[in-house]
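> Based on what follows, work out the 3D shape:
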Amino acid sequence: MARIIPMASSIKPSLSSPPGFARRHRVGVPVINSFHRRLTLFHLASAVPQLQSFGLWASKFIKGESGGISLSAAESAAQASTAIPQENALDWVKKDKRRMLHVVYRVGDMDKTIKFYTECLGMKLLRKRDIPEEKYTNAFLGYGPEDSHFVIELTYNYGVDKYDIGAGFGHFGIAVDDVVKTVDLIKAKGGKVTREPGPVKGGKTVIAFVEDPDGYKFELLERGPTPEPFCQVMLRVGDLDRAIEFYEKAYGMELLRKRDNPEYKYTIAMMGYGPEDKSAVMELTYNYGVTEYDKGNAYAQMAIGTDDVYKTAEAIKLSGGKITREPGPLPGLNTKITACLDPDGWKTVFVDNIDFLKELE
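Next up is the predicted model:
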């Protein structure tokens, strides 16, 4: 695989990178060896929209009578060994060490998207891998290394140049030092600005909205220095109180703030594992009277780290979530994951923290 060199960035995101990051990444993207080319931790259903729950490994699992996937004897034993009483499951979630790892979505032109993200949004291309036998390519981009930052995983499927984003996905948020300068740069590069810089409605924060080549919206937020410039993922939900309760109990997130905007007929809830100015968060939006959304086939899923995928799956079930991939190691790898859907059908994959770090090594 050819070495890919990140394009130079002309803007400075609101970023405080760990010491040594620039030195480690100055020469370009690490070459992915044969083992990492087999690594498709979060590819599950992200490469080919029609493949649900288990991506290209579906045939390697044992089919249950209901048509779902059942665990092997070894995986079942492992799950049983980590099972916890129901009354303690939700308490354990609050103590689990969780972090938003990355968000996965599909694009129609990988090179064009990478160029926009690096030249206009100031991201770095962290790594890229091509899987010709399975006809897809992945690229990871962000503002810092994957072991400490929330990043983007782009998926390009051979021959597919367009996707339906749908009405459920909202936008991504990026914190920058100067919104006006960033917008000017994006315009100079031929980017699309859908909302000119200015104070947010009902507030003082200066924002702007732009679109990437595939039509994904990015909100630019003017903030001071932050360790996590890629700071938000906004999804629309049909019942905000239900969603908040689920994300608190099943995902262990904290409700950071909630704001109702009756003038514009919507309510938002910011949820995450840390304060908004220092970590990535979920922005859940409820539009008055809208209970369902078309999710399209472009946005795929979120990945979150956990200390125990078995206990995580148990808590999700107790909270009313739907498990789409029973907890256990991936075929041919030792990385343990579980996947689920929230009450609105948004997918999340939980990954064992230790296994995740081993794979990055």
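> Give me the pLDDT value at residue 85.
For residue 85, the model assigns a pLDDT of 61.
> can you start the count at 278 instead of 1 from here on
I'll keep to 278 as the first residue from here, and by that count the last item is residue 362.
> How about the contacts made by the residue nearest to residue 445 when sequence neighbours are not counted?
Nearest residue to residue 445, sequence neighbours excluded (C-beta to C-beta, 6 or more residues apart in numbering): residue 570, at 3.4 Å. To be clear about C-beta, it is placed using only N, CA and C from the backbone, and glycine gets the same treatment. With contact set as C-beta atoms under 8 Å, 6 or more residues apart in numbering, residue 570 has these partners: 443-445, 513, 515, 621.
> cool, and residue 574?
Contacts of residue 574 were listed using C-beta under 8 Å, 6+ apart, and they are 326, 383, 440-441, 443.
> Name the member of those with the most neighbours.
residue 383 (23 neighbours; other C-beta atoms under 10 Å).
> That residue against residue 438, yeah?
No - taking C-beta atoms under 8 Å as the definition, residue 383 is not a contact partner of residue 438, at 10.6 Å.
> Now residue 449: closest residue in space that isn't a chain neighbour?
Once flanking residues are discounted, residue 449 sits nearest to residue 495: 5.2 Å by C-beta to C-beta, 6+ apart.
> Walk me through which strands the host helix or strand of the one you found pairs with, and which way each runs.
For residue 495, the host element (DSSP states H and E) is strand 494-499. With DSSP bridges as the test, strand 494-499 is paired with strand 446-453 (parallel), strand 483-488 (antiparallel).
> okay, these in TSV with mean neighbour count and mean pLDDT next?
Shown next, in TSV, are the strands paired with strand 494-499 (neighbours: other C-beta atoms under 10 Å; pLDDT from 0 to 100):
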stretch	mean neighbour count	mean pLDDT
strand 446-453	22	98
strand 483-488	19	98
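> Using CSV, please lay out those together with distance to residue 598.
Formatted as CSV, the strands paired with strand 494-499 follow (distance: least, C-beta to C-beta, whole Å):
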stretch, distance to residue 598
strand 446-453, 19
strand 483-488, 31
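> any idea how far residue 445 lies from residue 571?
In this view, residue 445 and residue 571 are 6 Å apart by C-beta to C-beta, to the nearest Å.
> What residues are recorded as beta-bridge partners of the residue nearest to residue 449?
residue 449, residue 487.
> and it, how many neighbours does it have?
If we define neighbours as other C-beta under 10 Å, then residue 495 has 23 of them.
> ditto for residue 541
Neighbour count for residue 541, taken as other C-beta under 10 Å: 11.
> Spit out the contact partners of it.
Contacts for residue 541 (C-beta under 8 Å, 6+ apart) come out as residue 478.
> What of residue 632?
Counting by C-beta under 8 Å, 6+ apart, residue 632 touches 611-613.
> Give me the pLDDT value at it.
Looking at residue 632, the pLDDT reads 97.
> And it, how close does it get to residue 452?
Applying C-beta to C-beta to residue 632 and residue 452 gives a distance of 30 Å.
> can you check residue 532 too?
As for residue 532, its distance to residue 452 is 21 Å (criterion: C-beta to C-beta).
> Residue 505 now?
Distance from residue 505 to residue 452, by C-beta to C-beta: 8 Å.
> Give the full set of residues in contact with the closest residue in space to residue 556 that isn't next to it in sequence.
Closest residue in space to residue 556, ignoring its immediate chain neighbours: residue 505 at 5.3 Å, by C-beta to C-beta, 6+ apart. Shown in contact with residue 505 (C-beta under 8 Å, 6+ apart): 420, 426-427, 452, 555-557.
> List just the nearest of those to residue 469.
The closest of the contacts of residue 505 to residue 469 turns out to be residue 452 (C-beta to C-beta; 20.3 Å).
> quick one, what contacts the closest one?
Counted by C-beta under 8 Å, 6+ apart, residue 452 has contacts 290-291, 498-500, 503, 505-506, 508, 554.
> For the stretch 528-638 of the chain, give me the ranges with low pLDDT.
Within the stretch 528-638 of the chain, no stretch falls below the threshold (pLDDT under 70).
> Would you verify that residue 462 is located in a helix?
Yes - under DSSP: H, G, I helix; E, B strand; the rest coil, residue 462 falls within a helix.
> Look up how far residue 398 lies from it.
Distance of residue 462 to residue 398, given as C-beta to C-beta: 9 Å.
> between those two, who's got more neighbours?
residue 398 (26 against 18).
> three-state assignment of the more buried one?
coil.
> ok, now which ones touch the closest residue to it other than its chain neighbours?
Nearest residue to residue 398 in three dimensions, chain neighbours excluded: residue 451, at 6.2 Å (C-beta to C-beta, 6+ apart). Applying C-beta under 8 Å, 6+ apart to residue 451 gives the contacts 290, 398, 495-498, 506-508.
> who does the helix or strand harbouring residue 414 touch, helix- and strand-wise?
Assigned by DSSP H and E, residue 414 belongs to strand 413-419. The contact analysis (3 or more C-beta pairs under 8 Å, 6 or more residues apart in numbering; DSSP states H and E) places strand 413-419 against helix 387-396, strand 401-408, strand 428-434.
> Compare the contacts of residue 632 and tell me which is most surrounded.
residue 613 (23 neighbours).
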